[in-house]
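K.L.:
just to be clear, the model below is a prediction. Sequence and coordinates:
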Amino acid sequence: MSFRTIIEPFKIKAVEPIRLTTQAEREAILERAHYNLFLVRSDEVIIDLLTDSGTAAMSSEQWAGVMRGDESYAGSRSFYFFEETVRDIFGFKHVIPVHQGRAAERILFALLCKPGCVIPNNTHFDTTRANIEYRGGRAVDLPCPELSDTTAPHPFKGNMDTDALERLISEVGAENIPLVMLTVTNNSGGGQPVSMANIRAVSAICRKYGIPLYIDACRFAENAYFIKLREPGYADKTPLEIAREMFSYADGCTMSAKKDGLANIGGFLCTNDDALAQQEKELLILTEGFPTYGGLAGRDLEAIAIGLREVLDEHYLEYRLASTRYLGEHIAREGVPIVQPPGGHAVYIDAGRMLPHIPPLQFPGQSLAVELYRLGGVRSCEIGSVMFAQRDPDTGEERPAPRELVRLAIPRRVYTQSHVDYVVEVILVAHRHREQLRGYRITWQTPFLRHFSCHFEPLSPPSL
Ligand code: F0G
C-alpha cells in the first residue's frame, strides 16, 4: 500500500523558538535596516527564506560526527574520512577543503583567470561573477533560450546554450577561455536543473577545444534527483549513480557544502590536474589553512562527509523537491507569477510580471521582498536589478538585469508544512494588493556585491 502524502522523513529532536513580531515592530525594523533585508536581525524574522545556504538542520548522526571530529592540525582522521567520501561521490583526484564555496572560487580563479579572459557559465552566481571580475576576467552567462520564458514548464531550463558556447569560443578563441563552468542547479536562473545530456554536450565541446570543465556543484543532489524524475533512462538509477555520472564529464568542481552538504559551513575544490592542485594547496595555506583542514574544524569535515551521504537518500530528495513544489503550486494556482516549474531549493516569484507598474531600476523584486517581510515577517531575497544590474563601462549608465525575481529559498529539514502554509498566506495577501506597492531608490552602495549592504528609500511611503 502506498499513500499520496509525502511526509518529512525525519522526527524533530531539538527545537528553536520563533519570536512572533508585530507588523508595527517590523515597520520600525525596516526603517532602521534601510529596507535592506540583509541588515535585519534573524530574531526579527518569523520565517527565514533568505537562503538555503548554511541553514540546514543537521541530523543526529551529523551531531555525533561533530563529537568524533579530530582537531589535529596535520593528518586529521576527519580529513581522510571527508576526502574518501568526496572522492567516492564526485570522483576527482584532488580534494581541497575550504571554508565555503566562494573560497574555492577565489583560489581557482586566482590561478586560472588572467585579465581579459572569458569564463562562460549557464548562469554565474553573484560570488562567482564577482571573483572573476575581481581578477579582470569577463563572466559570460549562456543560459538556454527556454529560460527566458518564465512560464514555460521545460524540464531542464538550467541547461547551457551549447550553440552559444560554440559561438563564444570561435569569437574570443579557446586560448582566452581558461575554463567553462556549469552550475547545477542553476541558482541565479531560477534553481532549474541541468540535464545529463546537456552536461555531456558541454563536456564534449570543452574536450574538443581543450578547455577544462568545472561544475559548480552546490546543489548536485537536487539536480541528480531531477534527472532521475525527468530524463529518460535514469528512473532506475540511484541519485549516487547519477551524481557520479554527472561529475565524470568534468575536470573539477567547486562546492559549497552549505547547500547539498547539509552542513552549516564548509566547501571544497576538486581537480584532476596534479600541477594545478599543488598550486591550489599553496594558496590554500596562505589564507585558508593546511590542506588537511582548509579553514574548517575537524568536526565540520565530519558533518559534511555525513551530510553528503544523507543528501543522496531518495526519501530525503523526494520530500525536498515535493515541499518546494508545494509552495510553488499553492501560490501559482492563485495567480502569482512564478518561474515554472518550481526549482529544487527555491521558488522564484517573477516580480517583474507581478508588479509591471514598477520599472526594473526601481526594483520591483525589492519592493515585493520588503512587503513580504512587513506583512508577515517572511524574509526572501531579491534576485534582479539590485543584485545583477550592469553598469555600461563607457557611459556609466545602469542596465537592468534580465529578470526581476524574488527568491523564496527553503532551508533543508527546517520548516514544516504549516510554516509553508503560512508563507503561502502572506504571499497571497501581498498579491491581492500588489497595485499599491511602490518602487525603491538606492541611497548608498558599494562597488562590488552591493545588495548585501546598500541602503534603500521607498519612492513614496507604502500606503497601507
Ligand atoms: N555557487 C552557487 C550556485 C551558489 O548558490 C553559492 C552560494 C555559491 C556558489 C557560493 O557559495 O556561499 O558557500 O560561498 N549561494 C548562497 C545562496 C549564498 O543564497 O544562494 P558560498
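P.N.:
Yep, it's here.
K.L.:
for V347, see how far away the residue nearest the centre of the chain is.
P.N.:
Centroid-nearest residue in the chain: N187, 4.4 Å away (criterion: C-alpha atoms, centre = their mean). With distances defined as C-beta to C-beta, to the nearest Å, the gap from N187 to V347 amounts to 13 Å. The way it works is simple: take the backbone N, C-alpha and C, and place the C-beta from them, glycine included.
K.L.:
how about V95?
P.N.:
Separation of V95 from V347 (C-beta to C-beta) stands at 33 Å.
K.L.:
which residue of these two possesses the greater neighbour count?
P.N.:
Relative neighbour count places V347 above the other of V95 and V347, with 32 against 22, counting by other C-beta atoms under 10 Å.
K.L.:
avg pLDDT for the helix or strand harbouring the more buried one?
P.N.:
V347 is located in strand 346-350, with elements delineated by DSSP states H and E. Computed over strand 346-350, the mean pLDDT rounds to 96.
K.L.:
and for whichever helix or strand comes after that strand, what are the contacting residues?
P.N.:
The element immediately downstream of strand 346-350 (helix or strand, assigned by DSSP H and E) is helix 351-354. Contacts to helix 351-354, defined as C-beta atoms under 8 Å, 6 or more residues apart in numbering, come from residues 150, 336-337, 360, 364-365, 367-368, 382, 384, 403-406, 431, 434.
K.L.:
again, 10 Å this time
P.N.:
Helix 351-354 is touched from outside by 150-151, 335-338, 358-360, 363-369, 380, 382-385, 400-406, 427, 430-431, 434, 437, with contacts defined as C-beta atoms under 10 Å, 6 or more residues apart in numbering.
K.L.:
just the buried ones from these?
P.N.:
Burial of the contacts of helix 351-354 was assessed by neighbour count (16 or more other C-beta atoms under 10 Å); the buried members are 150, 336-338, 358, 360, 363-369, 380, 382-385, 400-406, 427, 430-431, 434, 437.
K.L.:
how far away is the closest residue to G266 other than its chain neighbours from P411?
P.N.:
On the basis of C-beta to C-beta, 6 or more residues apart in numbering, the spatially nearest residue to G266 that is not a chain neighbour turns out to be A257, at 3.9 Å. Using C-beta to C-beta, A257 is found at 15 Å from P411.
K.L.:
equivalent analysis for F92, please.
P.N.:
Here the distance between F92 and P411 works out to 28 Å (C-beta to C-beta).
K.L.:
higher neighbour count, those two?
P.N.:
Comparing F92 with P411 by neighbour count (other C-beta under 10 Å), the higher total belongs to F92, at 23 against 18.
K.L.:
what helix or strand is the more buried one located in?
P.N.:
In the assignment (DSSP H and E), F92 maps to no helix and no strand.
K.L.:
and the residue of the stretch 351-464 of the chain closest to the ligand?
P.N.:
Distances from the stretch 351-464 of the chain to the ligand, computed as C-beta to the nearest ligand atom, single out A409 as the nearest residue at 6.0 Å.
K.L.:
tell me the contacts of that residue?
P.N.:
For A409, the contact set (C-beta under 10 Å, 6+ apart) comprises 48-53, 55, 187, 191, 259, 324, 343, 345-348, 379-381, 383.
K.L.:
okay, now the unreliable bits of the stretch 251-400 of the chain?
P.N.:
The stretch 251-400 of the chain contains no residues with pLDDT under 70.
K.L.:
can you name the residue of it nearest to the ligand?
P.N.:
When you check the stretch 251-400 of the chain against the ligand by C-beta to the nearest ligand atom, the closest residue turns out to be S256, at 3.1 Å.
K.L.:
any idea how far E241 is from the closest residue to that residue other than its chain neighbours?
P.N.:
The shortest distance from S256 to any residue other than its chain neighbours is 2.9 Å, reached at G101 (C-beta to C-beta, 6+ apart). Between G101 and E241 the distance is 25 Å, computed by C-beta to C-beta.
K.L.:
find the closest residue to the ligand in the stretch 1-150 of the chain.
P.N.:
Per C-beta to the nearest ligand atom, G101 is where the stretch 1-150 of the chain lies closest to the ligand, at 2.5 Å.
K.L.:
surely that residue and A217 touch.
P.N.:
Yes: G101 lies in contact with A217 (C-beta atoms under 10 Å); the separation is 8.9 Å.
K.L.:
identify the contacts common to the two.
P.N.:
Shared contacts of G101 and A217 (C-beta under 10 Å, 6+ apart): T254, M255, S256, A257, K259, G261, G267, F268.
K.L.:
quick one, what contacts the third one?
P.N.:
Right, S256. By C-beta under 10 Å, 6+ apart, S256 lies in contact with 53-54, 98-105, 125, 127, 216-219, 263, 265-268.
K.L.:
which of those fall within helices?
P.N.:
Within those, residues falling in helices by DSSP state H are G101, R102, A103, A104, E105, T127.
K.L.:
dump the residue contacts of the closest residue to the last one other than its chain neighbours.
P.N.:
Leaving out its chain neighbours, the residue that sits closest to T127 by C-beta to C-beta, 6+ apart is R102, at 4.2 Å. R102 makes contact with F125, D126, T127, T128, A130, N131, T254, S256, G267 under the criterion C-beta under 10 Å, 6+ apart.
K.L.:
and R102, how far from L269?
P.N.:
For R102, the distance to L269 under the criterion C-beta to C-beta works out to 11 Å.
K.L.:
got it, and G344?
P.N.:
The spacing between G344 and L269, counted by C-beta to C-beta, is 23 Å.
K.L.:
now do L408
P.N.:
Between L408 and L269 the distance is 30 Å, computed by C-beta to C-beta.
K.L.:
for the spatially closest residue to F90 that is not a sequence neighbour, give me phi and psi.
P.N.:
Leaving aside its chain neighbours, F90 sits nearest to F247 (4.8 Å; criterion: C-beta to C-beta, 6+ apart). Torsion angles at F247 (phi, psi; degrees, to the nearest 10) stand at phi -80, psi -20.
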